[in-house]
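K.L.:
Got a predicted structure plus its sequence, pasted below:
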Amino acid sequence: MRIMLNSLRIVFVYAFFSILWILFSDTILGFFIKDASLLSSVQTVKGLFFVFITSLMLYVLIKRKIDEIDTMRKNLHEHQQRLEYVIEGANLGYWDWDYVHNRQMVNDRWLSFLGLNRDEIEHTITDWSNRIHPSDKIIVDKAIENTIRHNKPYIIEFRMQHADGHWVWIEGSGAVVKRDEKTGAPLRLAGTHRDISERKRSQADMLFLALNDPLTKLPNRAYLRQEFEKRRLSESTSMAFLFLDLDYFKNINDMYGHSIGDKVIQIVAKRFNSCIKESDFLARVGGDEFVILTEGHLHVGSLCEDLVQSLIESIVIEEDAFSLGVSIGVACAPQNGNSFEALFKNADTAMYEAKSSGKNRYVFYTQDMTDSIIKSTKLDNEIKRAIEKDEFILYYQPQVDLETKKVVGIEALVRWMDPMKGVMNPDFFIPRAEENRLIVVLGEMVFKKALYQLKAWKNQKLFEGKMAINISGVQMEEENFVQRLESIRQEINVDASCIELEVTESYIMTKATSSIPMLQELKDLGFSIAVDDFGTGYSSLSYLKQLPLQKLKIDRSFIKDLPYDYEDRAILRAIVDLAKGLKLEVLAEGVEEEEQKEFLLKNGCKMAQGFLFAKPMSAEACEEYLRQN
C-alpha cells in the first residue's frame, strides 16, 4: 500500500507540473513575443526545456525513493543479521510452518541438532513430526492444538530422533504468527527449538546424586524413604526392615585411610547385592551402614544368614586382606511399626543389640530393646546430673606388701552417692558413662579428687606409697589427654612418681599402636603405668615388651579359686615368671583368704589387695586405717 502511494505521489507531481506548463506557457510567451517566427523558435526551445525539467524532476523524485528503499533494505538486512546472531548465540534452531500447504522451513542449526543435511529431509510437516519420540507425540500435538485454539505461545520439552538413532532432548516453543483476517484460520506457525540434552543429563546426574550414594551407586536414605512410602501404599503391607552395620570397619579407615575404606565399602555393597532378590531394595544410609527393604517375613532369617556369610571370605585389596563382620537388626511391619521413622529406629535399635551381643549376627527387634534404651537414656541424664551436683565420691583400697605387711599403694575407686538410692558401685554406671563419653569428665573429676587426697595424706605423712587411679580407654582417645592429666597434676602440685595410672589390658591390646607412644609420654613425665585385669585381654607378648610398664595386676578371676584350682595355679605362676622376666612388679587383686596370700608369697607374688586386708572405704576410714598401720 505504501509503495502504491509513493508511486501516485510521483505521478501527481508530474501531472500537476505538466498541466500548468501546457496551460500557461504559450499564453505567457505570446504576451511577451509578437514576432511569429521568433515565437515558433522559442516554443521549440520551451518544449526541450520542458523535457529537461521534467526529466530532472523525475530523476530527483525517483532517486529519492530508490535511496529510501535502499536504506530500508540495508536496515532490514541488519535486523535480519542481528536476529541470526541472536539465534546463533542462543543455539536456537527455528522453524516456519506453512499451515495451509503443510510445508515447513528450518534453519541449519535446527538440522544440526538432529545430525541432518538439508537434502536429507523433506519439507512436509510429517517428516518433522515422524522424528518425535512416540511417548512425546501427545505432548507436541496438544501444545500445537492449544496454541491454535487459544492463540497462546507454548514452551514444551520432548525428544526427537537423531540421524544416528539416539534421542535428542528438545525445548520447543511456537505460536501462530499469521491468521486469515476474515475467518481467523491459522495460516503460519513459527517457533524455535533448542537442544537441551546436556541440561537433561545434568538434571539426571543431579537427581541421581540426590537419591543415590555416589560411591556405591546404591540408593540413599532419601530414595529408601520414597521406596518405602510407595510400597506402604500398595496392597503389600508385610515388610521387613534390615539395618546392617559393618563390624571392625572403623579400624580399616583408621589404619589404612579412607581411600582403602571406600574400596572395601564398594566390595561389601556388591556382596550384599548378590544376596538379595530382585524385588528387595538395598540402600546405603551411612558410612558403613546399609538397609534392605524386603517383602514378607518368613525368608528374613535365611537372608540374614546369607548376608553374614557373604563377609566370611576376607576382602583383598592390593596386597592387604581385611576381615569384616556385619551386625543386622530386623524390624517387621506392621508388628514393629508402620512408619518409616519407627521401622528405621527399631531396626537400628536391634542392630545395636546384635553388636552388644557379640557382633556378626542378626537380631529381631523386641519392645524390651526400646525399654532398655529408655532406661539408658534416663541413666545418661542421671549421670550428667550427678556430675553437676558432685555426687561421685572416692573410696580407697590399700595395696599391701605381703612380706612387710606395709601399705605400699592405695587404689582410688569411684562410687555414686545417690540421694535416693545410696552408694552405687561402678559396675552400675561406668559402662554407660564410657558409651556416652561422660567418662571423660568423670575421669578428670576422679583424678583431681584422688590427687587432692594424696596430697593431704602426704602432707600429714600418713602415706608414702603410690595412688593408683583407673584410666578409661575412652579418656585416652581424647586428643589432649596427656596434656590434661599433666596440667591437673601441676595445678595440684603432686609428684608424678607418686601416681600410678591403671589401664585395662583389653584396651591396650586393642589400641596397641596408639597406646604405646601415649603411655611412653606419660612415663617420661614421671607417671607409673600398671596393666589392670591382666590375663583377661589376650596380650601379645611382642606388644607387652614394648609397653612402658611398671606393674602387672593379676585379675581376681585367677585368684578366687587359689590355691585349689590347678589351672589357676599354673596361670599365676606363668604370670609371675613373665613379670620377673620383663622386670615388672606384680600385684594380685581380690585376695580374700589366708591360703591365697600364702600361695602368692610362696610363688613370688609379693603385693596384693583385697578384702583380706581391707575393703574399699571412705577417705576418713582409710585415713584411720593408715594411722593404725
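P.N.:
Alright, I've got the coordinates.

K.L.:
for the stretch 101-250 of the chain, which spans come out with low pLDDT?
P.N.:
Residue ranges of the stretch 101-250 of the chain with pLDDT under 70: 235-237.

K.L.:
residue boundaries of the strands in it?
P.N.:
Here the stretch 101-250 of the chain has its strands, by DSSP state E, counting those that start in this stretch, at 103-106, 154-161, 167-179, 186-195, 239-247.

K.L.:
could the ones you listed go into JSON lines alongside mean neighbour count?
P.N.:
(Glycine included, C-beta is placed from N, CA and C.) As requested, those are exported to JSON lines (neighbours: other CB atoms under 10 Å):
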{"stretch": "strand 103-106", "mean neighbour count": "17"}
{"stretch": "strand 154-161", "mean neighbour count": "17"}
{"stretch": "strand 167-179", "mean neighbour count": "18"}
{"stretch": "strand 186-195", "mean neighbour count": "19"}
{"stretch": "strand 239-247", "mean neighbour count": "24"}
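
K.L.:
Adding distance to Pro334, write those strands out as JSON lines.
P.N.:
Supplementary listing: the strands of the stretch 101-250 of the chain in JSON lines, determined by distance: least, CB to CB, whole Å:
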{"stretch": "strand 103-106", "distance to Pro334": "59"}
{"stretch": "strand 154-161", "distance to Pro334": "41"}
{"stretch": "strand 167-179", "distance to Pro334": "43"}
{"stretch": "strand 186-195", "distance to Pro334": "50"}
{"stretch": "strand 239-247", "distance to Pro334": "9"}
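
K.L.:
Which among those strands is found nearest to Asn130?
P.N.:
For the strands of the stretch 101-250 of the chain, the distance to Asn130 is smallest for strand 154-161, at 8.7 Å, taking CB to CB.

K.L.:
picking up where we left off before, nearest to Ile328, out of the strands of the stretch 101-250 of the chain?
P.N.:
Of all these, strand 239-247 sits nearest to Ile328, with 5.2 Å by CB to CB.

K.L.:
tell me what the closest one is packed against?
P.N.:
Applying 3 or more CB pairs under 8 Å, 6 or more residues apart in numbering; DSSP states H and E, one finds that strand 239-247 makes contact with helix 221-233, strand 289-295, helix 300-309, strand 325-333, helix 340-356.

K.L.:
give me that answer again for 6 Å
P.N.:
strand 289-295, strand 325-333, helix 340-356 (3 or more CB pairs under 6 Å, 6 or more residues apart in numbering; DSSP states H and E).

K.L.:
List the contacts of Leu501.
P.N.:
By CB atoms under 6 Å, 6 or more residues apart in numbering, the residues touching Leu501 are Ile471, Phe527, Ile529.

K.L.:
so can I have CSV of the residues you listed showing distance to Phe611 and secondary structure?
P.N.:
As requested, those are exported to CSV (distance: CB to CB, whole Å; DSSP: H, G, I helix; E, B strand; the rest coil):
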residue, distance to Phe611, secondary structure
Ile471, 24, coil
Phe527, 28, coil
Ile529, 26, strand
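
K.L.:
and which of those residues is nearest Val308?
P.N.:
Val308 lies nearest to Ile471 out of those, by CB to CB, at 35.4 Å.

K.L.:
can you list contacts of stretch 193-200?
P.N.:
Here stretch 193-200 has contacts from Leu92, Gly93, Trp110, Phe113, Val168, Trp169, Ile170, Glu171, Gly172, using CB under 6 Å, 6+ apart.

K.L.:
end to end, how far does it reach?
P.N.:
Stretch 193-200 has an end-to-end distance of 15 Å (CA to CA, to the nearest Å).

K.L.:
can you start the count at 34 instead of 1 from here on
P.N.:
Renumbered: residue one is now 34, and that last one reads stretch 226-233.

K.L.:
Show me which of the contacts of Leu534 are buried.
P.N.:
Using 16 or more other CB atoms under 10 Å as the burial test, the contacts of Leu534 include Ile504, Phe560, Ile562 as buried.

K.L.:
got a pLDDT number for the first one?
P.N.:
What the model reports for Ile504 is a pLDDT of 89.

K.L.:
Quick check, it in contact with Ile532.
P.N.:
No: checked against CB atoms under 6 Å, the pair Ile504 and Ile532 is beyond contact range at 10.6 Å.
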